[in-house]
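1. Below is the sequence, then the predicted model.
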Amino acid sequence: MATFVLVHGGGHGGWCYQRVARRLRARGHEVYAPTLTGLADRSHFVHPGIDLDTHVTDVVNLLVWEDLREVVLVGHSYGGMVITGAADRAADRVGRLVYLDAATPRDGQSLVDIAGAHMELARSTSEVVNGVELVLLPGPGAAAFYGIDDPADQAWADARLTGHPWACFEQQLVLRDEEALRSIPQFHVVCADTLATRDRDLIERARAEGRLWVIDTGHDLMITEPGLVTDTLCEIAAFRP
């Protein structure tokens, strides 16, 4: 059985993986779905020092304190930045990296560098709370931004979304051991409507190696297609080159 660590994206929390985590555990897997500092059930910890490094440390500390090994480390959206940094700092604990419709940064890139237009839209409404600029502000209908169309799912997500510290998105990821990071097998699960925006060489290489899955649903695919996401993660856990 595999050990999964599921890292959420901007404005979300571990809650967004509930449906996937439940299915993975039912199949006998060990699952962790941490909430990053300053968000969701940890929103009371929001402070001006929160940035990408904070969230990378959140995940590294989970791997270390739980003594996890050969982890299938999954990142959604902004979570791709986080898992790349965490794997760079704790490569010996990560067996597979899964980018779930996620950013796939290179050394020195920020999420603003990768997805500037989306980040500009995210920052179009913001507020300052306790000295922190928060973007991706929650509110009625906010879940539609993430491709959630079902009214019940929208209401469920709208009640749980939180603002996200802007500093996380503009901080550049600095890799410390890129050789070790690149030795970890990488897998890509991409939504059909974002496929054309992905790095073409990366996608074609993943396709040729059998490490690409395309799911025709909205960006928050762990909410809208939890069964397909679960099946795909199990397939990746069992993948043998």
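-> Perfect, thanks for sending it. Numbers count the residues shown, from 1 in each chain.

2. Buried residues in stretch 119-133, which are they?
-> 119, 122, 132, 133 (16 or more other Cβ atoms under 10 Å). Where you see a C-beta, it was placed from the backbone N, CA and C, and this is true even at glycine.

3. Going by distance to residue 169, which of the residues you listed wins?
-> Using Cβ to Cβ, the shortest approach to residue 169 within the buried residues of stretch 119-133 belongs to residue 119, at 5.5 Å.

4. give the contact list for the nearest residue to that closest one once chain neighbours are set aside.
-> Setting aside the residues directly before and after it, residue 119 is nearest to residue 112 in space (Cβ to Cβ, 6 or more residues apart in numbering), at 4.8 Å. Taking Cβ atoms under 8 Å, 6 or more residues apart in numbering, we find residue 112 in contact with 119, 169, 170.

5. could I get those residues as TSV with distance to residue 185, pLDDT and secondary structure?
-> Listed next are these as TSV, based on distance: Cβ to Cβ, whole Å; pLDDT from 0 to 100; DSSP: H, G, I helix; E, B strand; the rest coil:
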residue	distance to residue 185	pLDDT	secondary structure
119	29	92	helix
169	27	98	helix
170	30	97	helix
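
6. From those residues, pick the one nearest residue 10.
-> Using Cβ to Cβ, these come closest to residue 10 at residue 169, 7.2 Å.

7. and the gap between that closest one and residue 97?
-> 20 Å (Cβ to Cβ, to the nearest Å).

8. do residue 128 as well
-> From residue 128 to residue 97 the distance is 34 Å (Cβ to Cβ).

9. so can I have TSV of the contacts of residue 112 showing distance to residue 214?
-> What follows is the contacts of residue 112, written out as TSV (distance: Cβ to Cβ, whole Å):
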residue	distance to residue 214
119	24
169	26
170	30
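
10. Check those residues against residue 141 and report the nearest one.
-> Among these, residue 119 lies closest to residue 141 (Cβ to Cβ), at 20.0 Å.

11. Does that closest one touch residue 168 like I think?
-> No: here residue 119 lies out of contact with residue 168, judged by Cβ atoms under 8 Å, at a distance of 10.6 Å.

12. list the residues that contact both of those two?
-> residue 111.

13. which other helices and strands contact the helix or strand of the chain with the lowest mean pLDDT?
-> Lowest mean confidence among the helices and strands of the chain (mean pLDDT, DSSP states H and E): helix 116-122, at a mean of 89. Packing contacts for helix 116-122, counted by 3 or more Cβ pairs under 8 Å, 6 or more residues apart in numbering; DSSP states H and E, involve no helix or strand.

14. I'm done for today, thanks for sticking with me.
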